[in-house]
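Asker: structure, please.
(one chain, ligands or ions: 1)
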Amino acid sequence: MTTEIAQRIIVPLDVPSEADAIALIDQIPQVQFWKVGLELFVSCGPSILEQLKQRQKKVFLDLKFHDIPNTVAGACRSAATYGVDLLTIHATAGRPALSAAQQALQEGAQSAQTAPPKLIAITVLTSLSLRELALDLKIPLELPEYALQMGLLAQESGLNGIVCSPHEAEQMRQVCGDEFLIVCPGVRPPGSVTGDQKRAMTPTAAMQAGANYLVIGRPITTATDPQQAFQQICTDLVSA
Ligand SMILES: O=c1ccn([C@@H]2O[C@H](COP(=O)(O)O)[C@@H](O)[C@H]2O)c(=O)[nH]1
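Answerer: Numbering: from 1, shown residues only. Next up, the predicted model:
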């Protein structure tokens, strides 16, 4: 049971070098699903993906593409050759870019004779508050409604799922159905520092809200004992 839960926790490798990433991967062998984001990919490129695959890990490549349709399609065609499990694009890239990205992923994967990653859209970054969305970004909708509209746009464009805060997961699940993947960062065990996460929830509440996967980084990776921190989260989730 703990193993099943462990497979639903994605830990980000938000570290500056491949050596730091490998040290972390080997420090927590229980983690089955790792996320490679901008910091690490810009630093070391796709070789870290090979390192993860050699260790039979699942990989979430979180590059958050946001560009015109032709450019995101090219990036997706290339990313499809890596054989990763999940890939991100911002929903705000718009409908033509989302559709082009999904189509290019299928084409790229077919040419590389590999399975395409599931393409999931960022709805509203979990670091944004209701106030920032309204006052800085001038979005005239309430945040949950805006996030839902971004989720629906992703679904209508043929994407496999979304990234959203656990606060929006329940309504996403109700509206988008059981097959749509919901991946939630902004997850903090009780008592953890929230840092730059503005719409955070506990792992148990996030799972109960309908998330398929939780992304939990600093509460694990900066803990004195990362392995123990990961195990404690799994144990709490199993007993909830
Ligand atoms: O809306 C989003 C989209 C992606 N992220 C990423 O998730 C992790 C969260 O790390 P923590 O240390 O648990 O805060 C990080 O890699 C972000 O790039 C997100 O937080 N919110």
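Asker: per-residue confidence averaged over the host helix or strand of residue 183?
Answerer: Residue 183 belongs to strand 181-184 when assigned by DSSP states H and E. Averaged across strand 181-184, pLDDT comes to 99.
Asker: can you check stretch 102-122 too?
Answerer: On average, the pLDDT along stretch 102-122 is 98.
Asker: one more: stretch 73-85?
Answerer: Stretch 73-85 comes out at a mean pLDDT of 98.
Asker: do you know how far the residue of the chain found nearest the ligand is from residue 226?
Answerer: Residue nearest to the ligand within the chain (Cβ to the nearest ligand atom): residue 217, separated by 2.6 Å. C-betas here are computed from N, CA, C, even on glycine. As judged by Cβ to Cβ, to the nearest Å, residue 217 and residue 226 stand 11 Å apart.
Asker: quick revisit: give me the phi and psi for the nearest residue to the residue of the chain closest to the ligand once chain neighbours are set aside.
Answerer: Spatially, and ignoring its direct neighbours in sequence, residue 217 is nearest to residue 12 (4.2 Å; Cβ to Cβ, 6 or more residues apart in numbering). In terms of degrees, to the nearest 10, the main-chain angles of residue 12 are phi -80, psi 140.
Asker: ok, now the one 3 residues further on?
Answerer: Here the main-chain torsion angles of residue 15 (degrees, to the nearest 10) amount to phi -130, psi 160.
Asker: ok, then the element right after the strand holding residue 183?
Answerer: Following strand 181-184 in sequence, per DSSP H and E, is helix 203-208.
Asker: related to what we said a few turns ago, doesn't residue 15 make contact with the residue of the chain closest to the ligand?
Answerer: No: applying Cβ atoms under 8 Å, one finds residue 217 not in contact with residue 15, separated by 10.2 Å.
Asker: run through the neighbouring helices and strands of the helix or strand bottoming out on mean pLDDT in the chain.
Answerer: Every helix and strand in the chain was compared by mean pLDDT, DSSP states H and E; the lowest is helix 2-6, with a mean of 90. If contacts are counted by 3 or more Cβ pairs under 8 Å, 6 or more residues apart in numbering; DSSP states H and E, helix 2-6 sits against helix 226-239.
Asker: could I get the buried residue list for the helix it packs on?
Answerer: By neighbour count on 16 or more other Cβ atoms under 10 Å, the buried set for helix 226-239 is 226, 229, 230, 231, 232, 233, 234, 237.
Asker: stretch 92-105 now?
Answerer: 92, 93, 94, 97, 98, 99, 100, 101, 102, 104, 105.
Asker: next up, the contacts around the fourth one.
Answerer: Spelled out, that is residue 97. When contacts are counted by Cβ atoms under 8 Å, 6 or more residues apart in numbering, residue 97 touches 67, 68, 69, 72, 73, 89.
Asker: looking at these, state which has the most neighbours.
Answerer: Counting neighbours by other Cβ atoms under 10 Å, residue 89 comes out on top of the contacts of residue 97 with 29 neighbours.
Asker: how far away from the center of its chain is the longest helix anywhere in the chain?
Answerer: Ranked by number of residues, the top helix in the chain under DSSP state H is helix 95-111. Helix 95-111 has its C-alpha centroid displaced from the chain centroid by 19 Å (Cα atoms, centre = their mean, to the nearest Å).
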